[in-house]
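A.B. asks: Just a sequence and a predicted model for now, questions to come.
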Amino acid sequence: MLPSVFNNSVGLSILIPVYNYNVTSLVRALSAQLLKTGNEGEIILLDDGSETGALTTNQSLQNIPSVLFYRNESNEGRMLARQKLSGLARYGYLLFLDCDSEIIKDDFLAAYFVLMKEDIPLASGGRVYTDTPPVECELMLHWKYGRKRESRQRKTGSRSVEGFLSNNFLIRREVFKILDASLQIHDYGHEDTYWGIQFEQAGFFCRFINNPVLHAAIEKADIYIEKSEKALDNLLLLEKNIDRRLISRHVRIFRWYLRLKRTGLSGLYLFFEKMFHGYFRRNLLSCKPRLFFFDCYRLAVLIRMVKTKSVK
Amino acid sequence: MSEPIIELSHANIYQGNNLILQDVNLTVNKGEFVYLVGKTGTGKSSLLKALYGELPLTEGEGMVAGYSLRGLDWKKVPYLRRNLGVVFQEFQLLTDRNVNDNLKFVLRATGWTDEKLMDEKIQDVLDKVGLRSKGFKMPFELSGGEQQRIDIARALLNSPKIILADEPTGNLDPETSDEIMALLINISKDYNTAVVMASHDYIVVQKFPARMIRTERGMISDNATISIQ
């Protein structure tokens, strides 16, 4: 093939922050698809302070020609890792993938190359969860939440930053640069919200395309609840820096929280929630968790967090 | 009367800090077919990138499809590109869906929502590339030439004012190359779309003579005297 004059504009840097996860099958699938499309591209892995086992296995992937491997000595968080990765990328388009993704479509990368040819500045491919529920009860909460809330099927092309999911998204490098890196969110949760809001403010609406990855790693319910609580902490960090109305457009729990606050009913809500708190928690850990209870539970956690912080 | 769609005047084109092409003066009119030739490294791709909004124009003036290139805000670049259809040398069709659905995927991704309008548009572009009856074919059922035609159909979807074609005959046998060349030339004539085609293929250029812009030694030379036969 002759050298293309549009190489830089259609080249793709696939960027994957890795933390304690074996990404061999993900990277092999991506590298095979990249080769098949015949387009310019690279896969950059940034190990974010993983323990030795996962680190060694993943390190060997740099023998694949299109793969580059870097590492952080300590865990700096996904947000910082993504920013570092964007600095290492060679091409004009970036595809961010979470390390626990599984490729389920033969045309996964080809679909993104089609979008790149059309100069789509920002697109999200989404994620799906397995059709069959997990056998273990303790995995049910995450699976159900993922199925009902995250893998909603939307029409290709629908324009939305609401519920922007950052696990699998394509972005022009210039657009990524508009992200304000000053607010660093560590741990789990709501980087997506923060980024979605910033893109929206800069006038970039994310195109949703039906090009999902399978979310392979499902957390046990107790860990998932704990992570969700940490995510609420991040939400409060956002509240200090961003207009509340914007956050409430993106986050349902936050919308409810503002309503209760406005109507002065948060104290009453906490009183009733306290009576059911134990019941909610038991339900969430059971084989038939209800997402409504999960929302009620998190709403109470959020209100309590605000109260504790304001006392401090 | 000829109406310019691309105009560069005293433009200096830089790649980073390196001056690649100096004092470029170039006018391409609506409906004109133009070759862009030149050895690798002579600035051919930089010139296309400048037209495409990929390289900012900081010295001289430039207008492409009504957009001034000088000081063009990068956020406006996607709007400029809506007026440009780019045909690539490697055609990329999604193998899990038929031709119609491939084109519909592009339309949806570029903001189309009305199903009826989308169907009409797809029929329209397939007509233009002579593949009206192939909408329900799967990509593996198409020949290389047909796949390249579909890529041209894709480039036509958003009714571009200019088509930039990058070695569109690069992967094709001579006979199929001729068909694709005839198609591109017809598109420029029949639909008043300017076509700028980068090519290394001197056999094609000789067989289908047209105005030729050559990049060499940091300058462009323009052979505007040869008209399409």
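C.D. replies: Received the coordinates, thanks.
A.B. asks: now the strands for the stretch 201-312 of chain A?
C.D. replies: For the stretch 201-312 of chain A, the strands defined by DSSP state E, counting those that start in this stretch cover A:207-208, A:213-215.
A.B. asks: Any chance of JSON lines for these, columns distance to residue B:13 and mean pLDDT?
C.D. replies: All C-beta spots, glycine's among them, are computed from the backbone N, C-alpha and C. As requested, the strands of the stretch 201-312 of chain A are exported to JSON lines (distance: least, CB to CB, whole Å; pLDDT from 0 to 100):
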{"stretch": "strand A:207-208", "distance to residue B:13": "31", "mean pLDDT": "86"}
{"stretch": "strand A:213-215", "distance to residue B:13": "40", "mean pLDDT": "93"}
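A.B. asks: Out of those, which is the most enclosed?
C.D. replies: strand A:207-208 (a mean of 24; mean count of other CB atoms under 10 Å in any protein chain shown).
A.B. asks: same for that strand, what does it pack against?
C.D. replies: strand A:122-124 (3 or more CB pairs under 8 Å, 6 or more residues apart in numbering or on different chains; DSSP states H and E).
A.B. asks: How far off centre is the strand it packs on?
C.D. replies: 13 Å (CA atoms, centre = their mean, to the nearest Å).
A.B. asks: now stretch A:102-112
C.D. replies: Distance, centroid of stretch A:102-112 to centroid of chain: 18 Å (CA atoms, centre = their mean).
A.B. asks: Would you mind listing the buried residues in that stretch?
C.D. replies: A:103, A:105, A:107, A:108, A:109, A:110, A:111, A:112 (16 or more other CB atoms under 10 Å in any protein chain shown).
A.B. asks: So which of the residues you listed belong to strands?
C.D. replies: Residues of the buried residues of stretch A:102-112 located in strands (DSSP state E): residue A:103.
A.B. asks: before we move on, back to that, so can I have CSV of the strands of the stretch 201-312 of chain A showing distance to residue B:217?
C.D. replies: As requested, those are exported to CSV (distance: least, CB to CB, whole Å):
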stretch, distance to residue B:217
strand A:207-208, 43
strand A:213-215, 49
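A.B. asks: Which one of those lies nearest to residue A:58?
C.D. replies: With CB to CB as the criterion, residue A:58 lies closest to strand A:213-215 of those, at 17.8 Å.
A.B. asks: Against which helices or strands is the closest one packed?
C.D. replies: Using 3+ CB pairs under 8 Å, 6+ apart: strand A:213-215 touches strand A:101-103, strand A:127-128.
A.B. asks: circling back to that earlier point, out of the buried residues of stretch A:102-112, who's nearest chain B?
C.D. replies: residue A:107 (4.5 Å; CB to the nearest CB).
A.B. asks: re the thing from before, dump the helices and strands packed on strand A:213-215 into a markdown table; add distance to residue B:24 and mean pLDDT as well.
C.D. replies: Below are the helices and strands packed on strand A:213-215 laid out as a markdown table (distance: least, CB to CB, whole Å; pLDDT from 0 to 100):
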| stretch | distance to residue B:24 | mean pLDDT |
| --- | --- | --- |
| strand A:101-103 | 44 | 96 |
| strand A:127-128 | 47 | 90 |
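A.B. asks: Show me the one of those strands that comes nearest chain B.
C.D. replies: Taking the helices and strands packed on strand A:213-215 one by one with CB to the nearest CB, strand A:101-103 is closest: 13.4 Å.
A.B. asks: other SSEs contacting the closest one?
C.D. replies: Against strand A:101-103 (3+ CB pairs under 8 Å, 6+ apart) you get helix A:24-37, strand A:213-215.
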